[in-house]
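Colleague: Here is a sequence with its predicted model. Questions after.
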Amino acid sequence: MLKETMTRKERIISAVNLKVPDRVPVAMWMIQFPLRYKGIPQSLGYKDPVVTIKALTDTFHDLGGYDGQIQGDSIWPSSSWRISAAPTPMHRPGQEGEENEALQAVEREIMTVEDYDKIIAKGWNGFCEEFLPRVTGRSLDKIDASQKKLLKVYVEDAKKWNGIDVPVMFGASTCDCQMILSLCRSFSKFTFDLYRIPDKVQAVMDAMVDDLIQNVINDSRATGIPWVFFPLERGSGAYYSLKIWERLGYPYLKRMVDAFVAEGLTTILHFDTDWTLNLPYLRDLPRTKCICELDSKTDIFKAKKILKDHMCIMGDVPASLLSLGTPEDVTAYCEKLIDVVGVGGGFILSTGCECPIDAKFENVKAMIDTAKNYACQIFPQ
Amino acid sequence: MSELAEALAGLNEDYVTKIVQRKVTAGEDPECILAELRQGMDIVGARHKKGEYFLGELVFSGEIFKNAMKTIEPRLAKNQSGKEQVKLVLGTVKGDIHNIGKDIVGNLLKIAGFDVYDLGIDVPKNAFVKKLKETDAAILGMSGLLTPSFEAMKETVEALKTAGLRYKVKVIVGGGIVTELVRKHCGADAWTDDGIKGVEICRAWAQEMKK
């Protein structure tokens, strides 16, 4: 094991600040994997956050510990019904799905073109006053009470992690306008909107972005955790041209990140799919205030070249490798990441997206152990 | 390039509708109209390959094509639609309900002329086997976005072997996290994480099958 001279929190913060820590930090986002590994049905974990946090904590210890806990437990903390996300219908284990199936979002059109005018008139939160009860079948009061109850549990769980020097890197979450509208309209319908009625889509985004920002600020103040988890997927250069990105993607992303920075928050830009084309734009975001998290579809080596003196990079052990590969395969992959992306600091080793439900325990352990043990040019012993 | 192909390749939806309507009214051969539309889609595919077009353009051009087909399809003589005449069974495997990638590939395959039997999402292995037997399809395309789908894909390939179908059915697996490692694990013939590449693979197989 490499000699450790920093606390876990110092190690993570050092990477975010583009410094060279005592070794590469490793952060984990895992909810479904610990349940499967501990032999607990996904349906039980879905219903009871206490079951999930126990499985998560036990798995943390079985793995020998790691540096950052991306999500404190299975809860997406929110201080009220005002969410900066799409109220997407879910395919839940033990309900729509089988007991041990993964939780999945259902791709369905829950918002019509006519709803666009309502958002333009009322803003996102104003629209949600009518929209949330319509799509969830629950009143705002009920949603509010449920969110507040879950928030309390989340804050307590985060305190437990902090108590053992594991920073929780998720105090609030948000999607961008593109992702929310795509999830609500459905991918294909939203794509048609982008080509048929781009002016209207832009007006909708203009009307919703400030509410999204304020919701995040409220949530982060409620949790007291200065980290924003920001999943991005459906606006990447794999999906749409840079012309669309420059008009309907990046300006809103920048506005949101700038507001979070002003609030003193660090943002994890969780990039699913291939964002290689979009990487140069990230240099225009505030330096050392975001993490660029990649899922192995974006070229992480190119990301390092573009962002090395500007933004910490996190990732990107592929899901297929963790599920089907061997510990030797995983170790080799992680060593290469540390050799190339770890150079000069500013790198956190992680799974690209949530740790796969059926990852092999020995593969996850090999990933974490590589960060702890790999002696190389950057971390000579 | 014909006016119609150019309009489709340029994603000019209203103009495509107008030209198709004009050609139909003038009594033009619907097979010729279809050929021009396919030429337009080929250009979209070529532009995607060159990095000029993205998934959005593929999806929107597919929508324009589909709407144009509504006008000309009733006028096409049965079995004279320039199809590859190759049948393909498609679906997202058991335990996975993701449909975006599957739907995109399914549409592109239909446009390319394949007879696509789309079984939808969360498809059990036996349903794939049943449909392959029923249609005598030569290709099976399985999609998945979650890692547990790899096991379902493997089990389906095993079921094909048990049913005595594997030797005559080409199998392709696809999805955002599918890799060569996944293909080997499942025992598939090919893999893709890109719709256009998936269609190219199936087209190459179709050409081989015609020989």
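Modeller: Yep, it's here. Numbering: from 1, shown residues only, chains lettered A, B, ... in the order given.
Colleague: who's in contact with the residue nearest to A:P89 when sequence neighbours are not counted?
Modeller: Spatially, and ignoring its direct neighbours in sequence, A:P89 is nearest to A:V106 (4.4 Å; C-beta to C-beta, 6 or more residues apart in numbering or on different chains). C-beta coordinates here come from the backbone N, C-alpha and C atoms, glycine included. Going by C-beta atoms under 8 Å, 6 or more residues apart in numbering or on different chains, A:V106 touches A:T88, A:P89, A:M90, A:H91, A:E96, B:I97.
Colleague: Just the closest of those to A:G345, please.
Modeller: Ranked by distance to A:G345 (C-beta to C-beta), the contacts of A:V106 are led by A:T88 at 37.1 Å.
Colleague: How about the longest helix along chain A, which residues are buried there?
Modeller: In chain A, taking DSSP state H as the definition, the longest helix is helix A:198-223. Residues A:201-202, A:204-205, A:207-209, A:211-217, A:219-220, A:222-223 are the ones in helix A:198-223 that count as buried (16 or more other C-beta atoms under 10 Å in any protein chain shown).
Colleague: helix or strand right after that helix?
Modeller: strand A:227-232 (DSSP states H and E).
Colleague: and the residue of chain B found nearest chain A, what is it in contact with?
Modeller: Proximity of chain B to chain A (C-beta to the nearest C-beta) peaks at B:T147, 4.0 Å away. Shown in contact with B:T147 (C-beta under 8 Å, 6+ apart): A:A319, A:S320, A:L322, A:S323, A:L324, A:P356, A:I357, A:D358, A:A359, B:I177.
Colleague: Separate out the buried members of these.
Modeller: If we count by 16+ other C-beta under 10 Å, the contacts of B:T147 have these buried: A:A319, A:S320, A:L322, A:S323, A:L324, A:P356, A:I357, A:D358, A:A359, B:I177.
Colleague: Which residue in chain B shows the largest distance from the geometric centre?
Modeller: Within chain B, B:A26 marks the point farthest from the mean C-alpha position, 30.9 Å out by C-alpha atoms, centre = their mean.
Colleague: Can you read off the backbone torsions of it?
Modeller: phi -80, psi 0 (degrees, to the nearest 10).
Colleague: Do you know the pLDDT at residue 195?
Modeller: Since you didn't name a chain, this refers to chain A. As summarised for this prediction, A:Y195 has a pLDDT of 97.
Colleague: please go with chain B instead
Modeller: Model confidence at B:G195 (pLDDT) stands at 89.
Colleague: ok, back up a step: return the subset of the buried ones among the contacts of B:T147 lying in helices.
Modeller: Per DSSP H, these map to helices at A:A319, A:S320, A:L322, A:S323, A:L324.
Colleague: In contact with the first one, which residues are there?
Modeller: What that stands for is A:A319. With C-beta under 8 Å, 6+ apart, A:A319 has these contacts: A:D295, A:S296, A:T351, A:G352, A:C353, A:P356, A:A359, B:T147, B:I177.
Colleague: which one of those sits closest to B:M209?
Modeller: Comparing the contacts of A:A319 against B:M209 with C-beta to C-beta places B:I177 closest, at 29.3 Å.
Colleague: From A:M90, how far out is the closest one?
Modeller: Remark: distance between B:I177 and A:M90 (C-beta to C-beta, to the nearest Å) = 20 Å.
Colleague: Take the contacts of A:V106 and keep only those in strands.
Modeller: A:M90, A:H91 (DSSP state E).
Colleague: can you pull the buried residues of stretch A:234-245?
Modeller: Those would be A:R234, A:G235, A:S236, A:G237, A:A238, A:Y239, A:Y240, A:S241, A:I244, A:W245, for stretch A:234-245 by 16+ other C-beta under 10 Å.
Colleague: which secondary structure element contains the third one?
Modeller: Applying DSSP H and E as the criterion places A:S236 outside every helix and strand.
Colleague: Is A:E156 located within a helix, as I assumed?
Modeller: Yes - applying DSSP: H, G, I helix; E, B strand; the rest coil, one finds A:E156 inside a helix.
Colleague: show me where the chain has strands.
Modeller: No chain in the question, so chain A it is. A:27-28, A:68-69, A:90-91, A:104-105, A:172-173, A:227-232, A:266-271, A:290-294, A:312-317, A:347-351.
Colleague: could you do chain B instead?
Modeller: Secondary structure of chain B, counting by DSSP E: strands at B:87-92, B:115-118, B:139-143, B:170-174, B:190-192.
Colleague: Pull the fourth one out as CSV, backbone CA atoms only.
Modeller: When you say that, I think you mean strand B:170-174. The C-alpha trace of strand B:170-174 is given here as CSV (Å, rounded to 0.1, in the frame of the first residue of the first chain):
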residue,chain,number,x,y,z
LYS,B,170,-26.7,-14.3,-37.3
VAL,B,171,-26.8,-12.6,-33.9
ILE,B,172,-25.9,-9.0,-33.2
VAL,B,173,-26.0,-7.4,-29.7
GLY,B,174,-26.1,-3.6,-29.2
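Colleague: what packs against that strand?
Modeller: helix B:100-111, strand B:139-143, helix B:148-162, helix B:180-186, strand B:190-192, helix B:195-210 (3 or more C-beta pairs under 8 Å, 6 or more residues apart in numbering or on different chains; DSSP states H and E).
Colleague: Please identify the deepest-packed of these.
Modeller: Of all the helices and strands packed on strand B:170-174, strand B:139-143 has the most neighbours on average by mean count of other C-beta atoms under 10 Å in any protein chain shown, namely a mean of 28.
Colleague: The residue positioned nearest the centre of chain B - nearest residue in space that isn't next to it in sequence?
Modeller: For chain B, the residue nearest the mean C-alpha position is B:L109 (1.9 Å; C-alpha atoms, centre = their mean). Of all residues not flanking B:L109 in the chain, B:V116 sits nearest, at 5.1 Å (C-beta to C-beta, 6+ apart).
Colleague: same thing with A:L140?
Modeller: A:W81 (4.9 Å).
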